[in-house]
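Asks: All I have is the shape, not the residue letters:
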């Protein structure tokens, strides 16, 4: 489950004492670059172990602001791995809303981690059983429920999720651990618990949602599941297998919004053709869900290459599912040619995007040395099978 680092349950318990809480509150805005000086000062008045635990927790809270927002992050508690693996608050809130709309009033949250999803569910008025096997993770999840005033709705239990009876709950949410001692785990059967167990547990529930890695192959999705890919501000965050909703449906959900695109009968791949005036970069969730063809049809567009998920069109149309760019130049790939063009147009701010190219953006910037008052976007990609550069700018 969670990676506890050097933190022990005893260290964490000390943080929950009045002295520990006051110390942690005093470190809200501390500069980690000054940690040695801060630690030396604090150890004059507090035990060294408590100071170390508070400094570590303060760092984790600062990092968690991007995922949970400052108001919650500076009241919550984290483990080193737990903060990284926890669901982003916006995604957890969306999922809680969806479950509430299904009429769900109670959820068994299996592999709850630090409790991010449990908190979002409870805020929707849903009763939650939050289960994890790791003692420290359980302590942190319980502390978070109390810190955010949701302890009355969240029961936190230390147990092996495979042994818990969840038959009395309206829905099951399962978030198997996808990180091990060596980093990310890509084989679903190496998740903890394995994906096959999670799918079996989901099939037995009235409603269920199983959180999985966005890179899961479509052929690995069970026939009776709905597969949803979720992005937040264009960044793909996760995929979810839903049971009891819409079997066979694939869905791309874009946050904030939410804005959703879904179908049970995906269109065939769109054809490819010449690059037009407008280029569309589909949202990552759309690409992962294999719904590029649906967006291309909406835009009356075509692909620039049969293997590349860039859509081109001759007319500009608004869509929430892709970012539009106006293309001014379509050139065969060549650094000298690109460098000369950027110098001629005095481009100093260069955004580099790539799809189907081995060139790294930073390597390209280093070689072309952009300089000047203007900005541009260059796409390193393939057009009709050949390496190409598309130069343009985003549509305002």
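Replies: Now that the structure is in, tell me what you want to look at. What you are looking at is a predicted structure, and each value in this text was computed from that prediction instead of being measured.
Asks: element containing the residue of the chain positioned farthest from its centre?
Replies: Within the chain, the residue lying farthest from the chain centre (C-alpha atoms, centre = their mean) is residue 44, at 41.2 Å. According to DSSP states H and E, residue 44 maps onto no helix or strand at all.
Asks: what's the answer for residue 52, then?
Replies: Using DSSP H and E, residue 52 maps to helix 48-68.
Asks: Toward the C-terminus from that helix, list the very next helix or strand.
Replies: Sequence order places helix 70-73 as the next helix or strand after helix 48-68, per DSSP H and E.
Asks: May I ask which helix or strand of the protein has the lowest mean pLDDT?
Replies: For the chain, the helix or strand with the lowest mean confidence is strand 179-180, at a mean of 66 (criterion: mean pLDDT, DSSP states H and E).
Asks: Assign a three-state SS to the residue nearest the centre of the chain, would you?
Replies: For the chain, the residue whose C-alpha lies nearest the mean C-alpha position (C-alpha atoms, centre = their mean) is residue 237; its distance is 2.1 Å. At residue 237 the chain is in strand, as set by DSSP: H, G, I helix; E, B strand; the rest coil.
Asks: For it, give me its contacts.
Replies: By C-beta atoms under 8 Å, 6 or more residues apart in numbering, the residues touching residue 237 are 87-88, 91, 214, 230-231. Where C-beta positions appear, they are placed from N, C-alpha and C, glycine not excepted.
Asks: how close does it get to residue 293?
Replies: Applying C-beta to C-beta, to the nearest Å, one obtains 23 Å for the distance of residue 237 from residue 293.
Asks: From residue 337, how far out is the residue farthest from the centre of the chain?
Replies: Here residue 44 is placed at a distance of 64 Å from residue 337 (C-beta to C-beta).
Asks: hang on, the earlier thing: by neighbours, which of the contacts of residue 237 wins?
Replies: If you count neighbours using other C-beta atoms under 10 Å, the busiest of the contacts of residue 237 is residue 230, which has 29 neighbours.
Asks: and it, how far is that from residue 149?
Replies: Between residue 230 and residue 149 the distance, using C-beta to C-beta, works out to 27 Å.
Asks: Repeat that for residue 78.
Replies: Distance, residue 78 to residue 149, using C-beta to C-beta: 18 Å.
Asks: Compare these two and say which is more crowded by neighbours.
Replies: More neighbours sit around residue 78 than around the other of residue 78 and residue 149, counting by other C-beta under 10 Å; the figures are 26 against 11.
Asks: Give me the secondary structure label for that one.
Replies: Three-state call for residue 78 (three-state DSSP): coil.
Asks: contacting residues around it?
Replies: Residue 78 makes contact with 57, 60-61, 64, 86, 114, 140, according to C-beta under 8 Å, 6+ apart.
Asks: Can you tell me which of these are buried?
Replies: If you count burial by 16 or more other C-beta atoms under 10 Å, the buried members of the contacts of residue 78 come out as 57, 60-61, 64, 86, 114, 140.
Asks: Tell me which residues touch residue 230, please.
Replies: Taking C-beta under 8 Å, 6+ apart, we find residue 230 in contact with 91, 94, 236-240, 253-255, 285.
Asks: Just put those in a markdown table and tack on pLDDT.
Replies: Conversion of those to a markdown table gives the following (pLDDT from 0 to 100):
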| residue | pLDDT |
| --- | --- |
| 91 | 97 |
| 94 | 98 |
| 236 | 97 |
| 237 | 95 |
| 238 | 95 |
| 239 | 96 |
| 240 | 98 |
| 253 | 98 |
| 254 | 98 |
| 255 | 97 |
| 285 | 98 |
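Asks: what's the span of stretch 216-223, first residue to last?
Replies: The distance separating the two terminal residues of stretch 216-223, taken as C-alpha to C-alpha, to the nearest Å, comes to 14 Å.
Asks: Quick check: buried residues in it?
Replies: Of the residues in stretch 216-223, those buried by neighbour count under the rule 16+ other C-beta under 10 Å are 216, 221-222.
Asks: Run a quick neighbour tally on residue 166.
Replies: Tallying neighbours of residue 166 according to other C-beta under 10 Å, which is how burial is gauged here, yields 21.
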